[in-house]
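>>> Need coordinates for the following:
(6 chains)
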There are 6 protein chains.
Amino acid sequence: MRDTASPQTVPDRLDSIAKRLCDRTGPTSSTSAGHPHMMPSLIELKNIIDTLRSVLFPGYFNTRPFHEFSLFHHIASDIDAVYGRLTDQIWRGFHFACAENGTTPPSVEESGRLALALLDKLPEIRRKLTADAQACYEGDPAATSPGEAVFCYPSMYAMTHHRIAHELYVLGVPLIPRIIAEMAHSHTGIDIHPGASIGNAFFIDHATGVVIGETCIIGDNCRIYQGVTLGALSFPKNEDGSLVKGIPRHPILKDNVTVYAGATILGRITIGRGAVIGGNVWITEDVPDGKKVTQKI
Amino acid sequence: MRDTASPQTVPDRLDSIAKRLCDRTGPTSSTSAGHPHMMPSLIELKNIIDTLRSVLFPGYFNTRPFHEFSLFHHIASDIDAVYGRLTDQIWRGFHFACAENGTTPPSVEESGRLALALLDKLPEIRRKLTADAQACYEGDPAATSPGEAVFCYPSMYAMTHHRIAHELYVLGVPLIPRIIAEMAHSHTGIDIHPGASIGNAFFIDHATGVVIGETCIIGDNCRIYQGVTLGALSFPKNEDGSLVKGIPRHPILKDNVTVYAGATILGRITIGRGAVIGGNVWITEDVPDGKKVTQKI
Amino acid sequence: MRDTASPQTVPDRLDSIAKRLCDRTGPTSSTSAGHPHMMPSLIELKNIIDTLRSVLFPGYFNTRPFHEFSLFHHIASDIDAVYGRLTDQIWRGFHFACAENGTTPPSVEESGRLALALLDKLPEIRRKLTADAQACYEGDPAATSPGEAVFCYPSMYAMTHHRIAHELYVLGVPLIPRIIAEMAHSHTGIDIHPGASIGNAFFIDHATGVVIGETCIIGDNCRIYQGVTLGALSFPKNEDGSLVKGIPRHPILKDNVTVYAGATILGRITIGRGAVIGGNVWITEDVPDGKKVTQKI
Amino acid sequence: MRDTASPQTVPDRLDSIAKRLCDRTGPTSSTSAGHPHMMPSLIELKNIIDTLRSVLFPGYFNTRPFHEFSLFHHIASDIDAVYGRLTDQIWRGFHFACAENGTTPPSVEESGRLALALLDKLPEIRRKLTADAQACYEGDPAATSPGEAVFCYPSMYAMTHHRIAHELYVLGVPLIPRIIAEMAHSHTGIDIHPGASIGNAFFIDHATGVVIGETCIIGDNCRIYQGVTLGALSFPKNEDGSLVKGIPRHPILKDNVTVYAGATILGRITIGRGAVIGGNVWITEDVPDGKKVTQKI
Amino acid sequence: MRDTASPQTVPDRLDSIAKRLCDRTGPTSSTSAGHPHMMPSLIELKNIIDTLRSVLFPGYFNTRPFHEFSLFHHIASDIDAVYGRLTDQIWRGFHFACAENGTTPPSVEESGRLALALLDKLPEIRRKLTADAQACYEGDPAATSPGEAVFCYPSMYAMTHHRIAHELYVLGVPLIPRIIAEMAHSHTGIDIHPGASIGNAFFIDHATGVVIGETCIIGDNCRIYQGVTLGALSFPKNEDGSLVKGIPRHPILKDNVTVYAGATILGRITIGRGAVIGGNVWITEDVPDGKKVTQKI
Amino acid sequence: MRDTASPQTVPDRLDSIAKRLCDRTGPTSSTSAGHPHMMPSLIELKNIIDTLRSVLFPGYFNTRPFHEFSLFHHIASDIDAVYGRLTDQIWRGFHFACAENGTTPPSVEESGRLALALLDKLPEIRRKLTADAQACYEGDPAATSPGEAVFCYPSMYAMTHHRIAHELYVLGVPLIPRIIAEMAHSHTGIDIHPGASIGNAFFIDHATGVVIGETCIIGDNCRIYQGVTLGALSFPKNEDGSLVKGIPRHPILKDNVTVYAGATILGRITIGRGAVIGGNVWITEDVPDGKKVTQKI
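Have a look, this model is predicted:
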């Protein structure tokens, strides 16, 4: 009937669509940002991480030429620029989070203090990443040098993001660590929650599909392969039926653990020192030190 | 012998290479586009989807500042621009498809009608995506707000693409929905065929490696994890040995189904309402309502 | 105590951070590039591969308009430009590798010879990619034409990178093939080591999470699905405990093999002609011709 | 002697240069900006003016497609975006000016009020620019339509900038009007000070080298040619020898005045209604209505 | 009264501004383009001219590397791309002009024929520009080589634009030649109307402020300096008071004429072979062969 | 006749055009660059000058945020980057010049020495530019502060380029100084040959059309206006008829000289200390100290 009566014209229909999209009452209200002019910027955050990557690995990713003898000035000016930019993004992260949960955001000065605290961790982050690169080289028969790992291994890309995001997470910065982690997830297929604590000399081979949950604790010299999940087994709920957030629910891997491709380790269990978890194995209970668990075929 | 005789010079060799690359007779003919000046543009399609994303989630992804009171004008002008651009891409999609199968492409007017029909679905798409964001928040203990999910969860990124691509698929637009889906696949590791029908409040946690096939039907409030496959079990062939295309061959998930990481569900089977499929489980037969299927260890 | 004494100012702290980041003695030395001004460029390599993609598939990915009758000139000028750019990148790859292992890099002329040798393989690469596109179409019930596969299938994207990277690997070019492979890995979730040898008409459906190791040999008409690993089973070590590099350690797939999603095939074993490996199956021993291996549920 | 003793190394010399450049004591202090993070942005201002140009002349300079029936929404969203951006730039202009002269800058709200006041003048500015385009067409035998003047005449480019800059000047906005004027000066060779008051239907043919001073008053329907100067004759000084700023010192042109190429008119004199000043003529005294002044050869 | 009653809010005022800007009735109608989606593109035209510049002067302005032996392919592919792009721009130029004057635009095929006719003139244009470069070198004591003139002399920049624009003008293409000329005018301060006919070996020293009118005819080996005007003396009007368009009204310069800085030559007069016009001289009558005209001081 | 016989097809005609454009025999040979891969880059030179501008005027033109206390590191890293880039461009300038005149280019080391020598002059250049900014402020009644002059006065833009280009000219660097000067010429309409020697506190008001020749010598505290030419009167020729290059042929201005708009001063004459040259005046002979020369009307 409608078609034969008075069909809407194109302008009328576009107008009607826009009007309906502007109706932000009811259940769709959460899809509009509260403070659009204070949103964190994905472009700025990418700039910040890319700058930090070139600072951590001088010579690999720099966008302008430098001479060895001026390296200090390049690094000093880079971290000065990051200091300003990261302060702003942290401040925006707080505004976003506070708008979502109705609290008062901290001051810009506090954001600056947190940005500086992150920068203060960079030398230590670099020390860990150097060990990670060495672990890539030693753990992959196809690797020809630690430098190759720095230059193009997804494990190094993801760990650079993670070690930065984790420090921000520990400092209590909201949202920003998660965005940094998702950038690496999109690029590498490795999904490490910023809350995860990861020791020295960590190597993820082939990368795609790895998931490392928020409360994981991983020791030194561990190695995992593609498709490994270090996840939660169950999700306790509050009395109102909502999930309990933040409780320890992911595995602990002691030092020197190896987890082969596709293995799934779930719950707050402990994989003992030097244990080896075979490919595609499904683990929901503690594994003693040195134990080798393989699939029952 | 050849080396001692008359070695080819560099120009001669480059010339020979180019000549051989231009020889488009024989089996390589399909690698040349029939209408190069009518090909869809990946850049245009990215622009279209990015604009729609900022329209669906005002304040999150906008590239220019706006004031709350002018939101209607921004949305109205954005969808007007998309109307023009999408019409052109749909028209190009038809040209591509028709060149491939030798039929006659519809008119530009028909393409415009289809673009408008997609835009008309946007309010409904937004309603569904709002429920998806809420499902992310409620389903992930690490999530701090629905807004965080909108801003950086791969599930939301993929579902935004899918809900747009699916409407175009239903409208009969060729190629374009698939390109939109592959953009999300590349970004998130989630491969949802545009043909799949997905209900309200859908959440994919950790994202990487999920595959949802063309004829899947998924109910409301379902949740799946990384590495889940909802695929086909077998591929019936025509008498000439070619695959039968388009027949229902992927699973049906009723409402409130949860599928844990790495599970594989294959064939036109039905997973009953409220069923829970454990991690890494392999399913090729119907699962009754409320059933919990876990791996036999 | 420190807080009550003389707290550092912001400039002092930034200065201290930069100094510590510049200290390149000790274990962190490997994170600084030896020849920063001779590093390969990710941007240049992307430009090279994108140009080659448009040369291999005229009309699909071209960034400027062309007429059919001028195709030869476009291709000839494109490969001429690639010849210069690739020569430079190969030369940089050698410098990087030689700085890492202390040898003397070959001359620019030798790099040019290798770049030309790669270009000489392009017609053959195109022939193979044409068969790959046809395999996509024939193997995926959701595919509507080989052209659609060329335009947006991750399998085609990854195989274009691989077939180029593999030829460079065979020619002995260091680092560059690996970077090219990682570009595709990041984009598609398919991780094919450049060393892998892959026959005609190869198709990877759904793509994400596939791993194909360095010494794999794959015959004609094979098809694999998402999450398949063709990997190594064990890593023999040298007397000093370091991994033995370069030995054959990955599977051989004869012609017409199909490997379904999530299957894991490890070690230097042979999967016989026409064999079918079921989803999620774990294989570490030879499989005879024509055998169908399925998961024991 | 110095060369034979201890010649400086390159790092030492660069270090010394940077130190000397950082020494901002003494006469060079004015070359450092007081509030570097509050400086106006040339890129933002270009964006603002380009957006206003597309708003004033719909269809000529738009960067995205629009449909006639949606023009209102495009214009409304464009001026909303300019409202935000211009407010910010005006606020920065005040900060710059106040840092230079030691006063207190107005609030952001006041900057917003001024931005809105400028936007309120746009319809009137458009009316005047329409008359300017008609004057170009009627005054240039080589012009084929008013639209051609809009699209590519330097006179129209400069007058668009001027009519915007002049309103900002009248509103008391510092610095910003001058930057907008210099953008047009650089592009066209026409140097109109934002303070100049210019009537309807103004046309500058050939453009290059025209100078119109700060306190000029130009009536309706005037036309001038390349190289014309409407300047000051003398610069009265204060008792301390500094220039007296801001006093009327440039010519008044009544309606319908024509000034041919290269003529120089200096001082607070009046050129009468309908007067014609010949090419290269030098004028420092009033010219009566209707008078034709030509060069004495 | 209004201020005390109900002051408009910001949204109301923006809305009112947009409404007034959308009112395109009355005298402002000419400021809206008739066919916004068919407007010529300044970006495309810049691309076309930049490509032609690199074709005319191989090695100076190329944006991608080439080898001497592949020059033919680069040039052939460049002009093929220009052929397509220029055809489109010419077609748009016709649409613009016909919308302005109410006539019917020619077909795309005719636009293609004209684009090809322009390309056919390129070898002759290159021959003339080569002589122009030699004239720069011979005429400027500060020039060190013809190549320096090609690389950075404004005279060469302007003449490259002019010789292309003039051929399009002769072919009857509307608007496009004028836009090309204005690009050079903006860049160099040299305003040459595309209609002007200019002989071999032409050199403009210092460039800024030169004006050469539509119907000028300039012989071989002429040289002019900054600020020279070759203009019209009077503008005959039609009975209705409008200007007569298109009649010869600018000077003729025979071969070997030199015009020094700031000279003004007006009207359809002839400057004889080998004549020299002194700086700042004002000429409105014929000058015989070989005559030297200097300023009477 | 030709049309009826065998008209060329479009491909044939494009092919013929490309062939004729490739024919580089005969008089057109100078339009092809000898060493296309060693040409200076306009983009690199713009980057270099823009970086130096931000170094000379901290806070005005910086593209990334900085803190006052880190200024030294920003400046030190900026000049380190310029040192590398400028060395390369100087080396390319020598290659260009030597290819043109058949001599042997100096080494890269020599180019580096010259780049360093330029950087060593930066503090002195900054001192002079500071005085120039002060002169703008004191000489223009419309100027509101020296900072405004730095930010947007064409005189400051041109003098920044000139003071850099002049030092390179004095150091004997070919081509590069001229390119730097032409960048400013295009942007401001001020054409200062890099050879000109200009004293402290120089101000050019209104800018457009000013020409300052290669061998000019200008004292301190001079001020000139738009359209002023400081040029050569005659061009002595060698016995073979070619111009004598490099001899002093432009004016000397002593300290405190003012030259008003459009004045022309030609030949190796001296304008005495404190002299004032009126607008449009034509001078070819010495002017004594303190003399005021005005136009005879």
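
>>> Cross-check the contact I'm expecting between A:Thr208 and C:Gly189.
Yes. The pair A:Thr208 / C:Gly189 is scored as a contact, 4.9 Å apart, by Cβ atoms under 8 Å. (Each C-beta comes from the backbone N, C-alpha and C, glycine too.)

>>> shared neighbours, those two?
Residues touching both A:Thr208 and C:Gly189 (Cβ atoms under 8 Å, 6 or more residues apart in numbering or on different chains) are A:Gly189, B:Gly189, B:Thr208, B:Gly209, C:Thr208, C:Gly209, C:Val210.

>>> ok, those residues vs chain D, which is closest?
Using Cβ to the nearest Cβ, B:Gly189 comes nearest to chain D of these, at 31.4 Å.

>>> Which residues are in contact with the nearest residue to the closest one once chain neighbours are set aside?
The shortest distance from B:Gly189 to any non-neighbouring residue, by Cβ to Cβ, 6 or more residues apart in numbering or on different chains, is to B:Thr208 (3.6 Å). B:Thr208 is in contact with A:185, A:189, A:191, A:208-211, B:154, B:188-190, B:226-227, C:189, C:208-209, counting by Cβ under 8 Å, 6+ apart.

>>> how much space between A:Ile179 and A:Val287?
Remark: distance between A:Ile179 and A:Val287 (Cβ to Cβ, to the nearest Å) = 34 Å.

>>> Drop anything exposed from the shared contacts of A:Thr208 and C:Gly189.
Among those, those scoring as buried are A:Gly189, B:Gly189, B:Thr208, B:Gly209, C:Thr208, C:Gly209, C:Val210 (criterion: 16 or more other Cβ atoms under 10 Å in any protein chain shown).

>>> and of those residues, the nearest to C:Gly139?
Comparing those against C:Gly139 with Cβ to Cβ places C:Val210 closest, at 14.4 Å.

>>> The closest one contacts C:Gly231, doesn't it?
No. Between C:Val210 and C:Gly231 there is no contact under Cβ under 8 Å: 10.9 Å.

>>> Look up how far chain D lies from A:Met39.
14 Å (Cβ to the nearest Cβ, to the nearest Å).

>>> same question, A:Ser111
To chain D, A:Ser111 is 15 Å away according to Cβ to the nearest Cβ.

>>> give me phi/psi at that residue?
A:Ser111 adopts backbone torsions of phi -60, psi -40, taken as degrees, to the nearest 10.

>>> ok, now how distant is it from D:Ala263?
Going from A:Ser111 to D:Ala263 by Cβ to Cβ gives 60 Å.

>>> more neighbours, these two?
Set A:Ser111 next to D:Ala263 and count neighbours by other Cβ atoms under 10 Å in any protein chain shown: D:Ala263 wins out with 25 against 22.

>>> who's in contact with that one?
D:Ala263 neighbours (Cβ under 8 Å, 6+ apart): D:Tyr225, D:Gly227, D:Val228, D:Thr229, D:Ile277, D:Gly278, D:Gly279, D:Asn280, D:Val281, D:Trp282, D:Ile283.

>>> Where strands are concerned, which of these count?
Within the contacts of D:Ala263, residues falling in strands by DSSP state E are D:Tyr225, D:Thr229, D:Ile277, D:Trp282, D:Ile283.

>>> Closest to A:Arg20 out of those residues?
Nearest to A:Arg20 among those, with distances taken as Cβ to Cβ, is D:Tyr225, at 56.1 Å.

>>> So what sits opposite the closest one in the bridge?
Under DSSP bridges, the beta-bridge partners of D:Tyr225 are D:Asp205.

>>> Now for it: which residues touch it?
Residues in contact with D:Tyr225 (Cβ under 8 Å, 6+ apart) are D:Ile204, D:Asp205, D:His206, D:Val210, D:Val259, D:Tyr260, D:Ala261, D:Gly262, D:Ala263, D:Gly279, E:Gly231.

>>> confidence score at it?
pLDDT for D:Tyr225: 96.

>>> try A:Val173
Note for A:Val173: predicted pLDDT of 97.

>>> Neighbours of the residue nearest to it when sequence neighbours are not counted, how many?
Once flanking residues are discounted, A:Val173 sits nearest to A:Ile90: 5.3 Å by Cβ to Cβ, 6+ apart. Neighbour count for A:Ile90, taken as other Cβ under 10 Å: 27.

>>> And A:Val244, by the same measure?
11.

>>> Contacts only, for the closest residue to it other than its chain neighbours.
Counting by Cβ to Cβ, 6+ apart, A:Val244 lies nearest to A:Pro236, which is 4.6 Å off, once chain neighbours are set aside. A:Pro236 is in contact with A:Leu243, A:Val244, A:Ile247, counting by Cβ under 8 Å, 6+ apart.
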